[in-house]
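A.B. asks: output the structure for:
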Amino acid sequence: MAPLRLVAFDLDDTLAPSKSQIDPRIGELLAALVQRVEVAIISGGTLGQFRAQVVDHLPPIPGAALAHLHLLPTCGTQYYRVGSDGPEEVYANLLAPDQTARALAALESESRRLGLWETHTWGPVLEDRGSQVTFSALGQHAPVDAKSAWDVDGRKKDELRRAVAAVLPDLEVRSGGSTSIDVTERGIDKAYGMRRLSAATGIPLDDMLFVGDRLDVHGNDYPVLALGVACQAVENWEDTARFLQALIPTLPAR
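C.D. replies: Numbering: from 1, shown residues only. From the prediction side, this is the model:
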C-alpha cells in the first residue's frame with residue numbers, strides 16, 4: 001500500500017455545514033493533520049468562502065506546517081498556497097467575459113422558465129466567481145435548513161442543470177451544493193482539481209485520500225472516486241472529525 005502523503009477534503013457538509021464556519025474541533029484536527037501530511041480543500045466555493053469558513057478559524061499553526069495547506073476553490077480552477085500573510089495565488093484560470101455573460105444569462109432565463117427563480121432569497125442568486133459562475137437558488141447566504149428543504153430529492157437541480165447545459169453546449173454545467181448549479185469551462189470537476197493538485201505537488205494520486213459527503217454517483221464528489229483516488233465517505237463534519245481522530249495517530253509527524 002502506498003504511503004499516505006496528502007488528504008483532501010470537500011468543504012460544505014464535510015468540514016462544516018453549508019456556508020458556515022468550521023467547528024473548533026475540526027480546526028484542531030486540521031492543525032494536527034497538516035503537521036503530518038499535505039492537506040488540501042477542494043470545493044466549488046470561492047477563496048473568500050474558504051477563508052471565512054476555514055482559514056480564519058484555524059488555531060495557530062507553525063509557519064513551516066502552514067505551507068502544507070493547499071486551497072483549490074471553484075473545483076481547482078484556482079489554486080492557492082497558504083503563507084504567513086494568508087493565501088497566495090499559484091494560478092487562476094478565469095472564464096472569458098463572453099462565457100461569463102452567457103452563463104449568467106442562461107442560468108437566470110432557464111430558472112425563470114422552469115419556475116425555479118425564487119423571490120424570497122438570502123443574498124445574490126447569481127455569482128461570478130471568476131473561473132466559475134454559480135446559481136444558488138435561495139441566495140448565497142441562505143440558512144442550512146431552508147437549503148435542505150428546497151430540493152430534497154435533487155430533481156429541481158437536475159432539471160435546471162440539463163436545461164442550462166442544452167443552452168451552453170460549449171461549457172460544463174454541473175450540480176454544485178444542495179441548491180446550486182456551477183458553470184465552468186468544459187472538463188472541470190473535482191477530478192480535474194485533483195489532477196492539477198497532483199501535478200503541482202508532485203504527489204501521485206495513489207498517495208492521496210479524499211474525504212467527501214457526496215461520493216454517490218450523482219454527487220459532486222463522485223468524479224474523484226471515479227478517478228481512482230482512495231475515498232472516505234462522510235455525512236457531515238462530525239463524521240469527518242471522528243475519522244480524523246482515528247487517522248491522525250497512525251500518521252508520523254514530520
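
A.B. asks: can we go C-alpha only for contacts and neighbour counts from here?
C.D. replies: OK.

A.B. asks: could you point out the longest helix of this structure?
C.D. replies: helix 97-113 (DSSP state H).

A.B. asks: tell me the buried residues in that helix?
C.D. replies: By 16 or more other Cα atoms under 10 Å, the buried positions in helix 97-113 come out as Gln99, Thr100, Ala103, Leu104, Ala106, Leu107, Glu108, Glu110, Ser111.

A.B. asks: Asp12: which of the residues you listed is nearest?
C.D. replies: The nearest member of the buried residues of helix 97-113 to Asp12, counting by Cα to Cα, is Leu107 at 22.1 Å.

A.B. asks: that closest one contacts Val164, correct?
C.D. replies: Yes. With contact defined as Cα atoms under 8 Å, Leu107 and Val164 form a contacting pair (6.3 Å).

A.B. asks: check which element follows the longest helix of the chain along the chain.
C.D. replies: strand 126-128 (DSSP states H and E).

A.B. asks: that following strand pairs with which strands?
C.D. replies: Strand 126-128 has the following strand partners under DSSP bridges: strand 133-136 (antiparallel).

A.B. asks: hey, C-alpha coordinates of the partner strand in PDB?
C.D. replies: What follows is strand 133-136 as a C-alpha-only set of coordinates in PDB (Å, rounded to 0.1, in the frame of the first residue of the first chain):
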ATOM      1  CA  VAL A 133     -20.400  31.100 -12.500                       C
ATOM      2  CA  THR A 134     -22.800  29.800  -9.800                       C
ATOM      3  CA  PHE A 135     -26.500  29.800  -9.300                       C
ATOM      4  CA  SER A 136     -27.700  29.500  -5.700                       C
END
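
A.B. asks: mind checking the pLDDT average for the strand or helix carrying Tyr79?
C.D. replies: Taking DSSP H and E as the definition, one finds Tyr79 inside strand 78-83. Averaging the model's pLDDT scores along strand 78-83 yields 92.

A.B. asks: please compute how far it lies from its chain's middle.
C.D. replies: 14 Å (Cα atoms, centre = their mean, to the nearest Å).

A.B. asks: the following helix or strand past that strand to strand 78-83, inter-axis angle?
C.D. replies: Remark: after strand 78-83, the chain's next helix or strand is strand 86-92, criterion DSSP H and E. Strand 86-92 and strand 78-83 are oriented at 150 degrees to each other (axes from the mean of the first three to the mean of the last three Cα atoms, to 10 degrees).

A.B. asks: in strand 86-92, what's buried?
C.D. replies: With burial defined by 16+ other Cα under 10 Å, the residues of strand 86-92 counted as buried are Pro87, Ala92.

A.B. asks: can you name every helix or strand that that strand contacts?
C.D. replies: Taking 3 or more Cα pairs under 8 Å, 6 or more residues apart in numbering; DSSP states H and E as contact, the helices and strands that strand 86-92 lies on are strand 78-83.

A.B. asks: which residues touch the strand it packs on?
C.D. replies: Residues outside strand 78-83 that contact it (Cα atoms under 8 Å, 6 or more residues apart in numbering) are 63, 66-73, 87-93, 131.

A.B. asks: go again using 10 Å as the cut-off
C.D. replies: Contacts with strand 78-83, where a contact means Cα atoms under 10 Å, 6 or more residues apart in numbering, come from 40, 42, 46-47, 55, 63-73, 86-94, 130-132, 193, 196-197, 200.

A.B. asks: fine, thanks again, bye for now.
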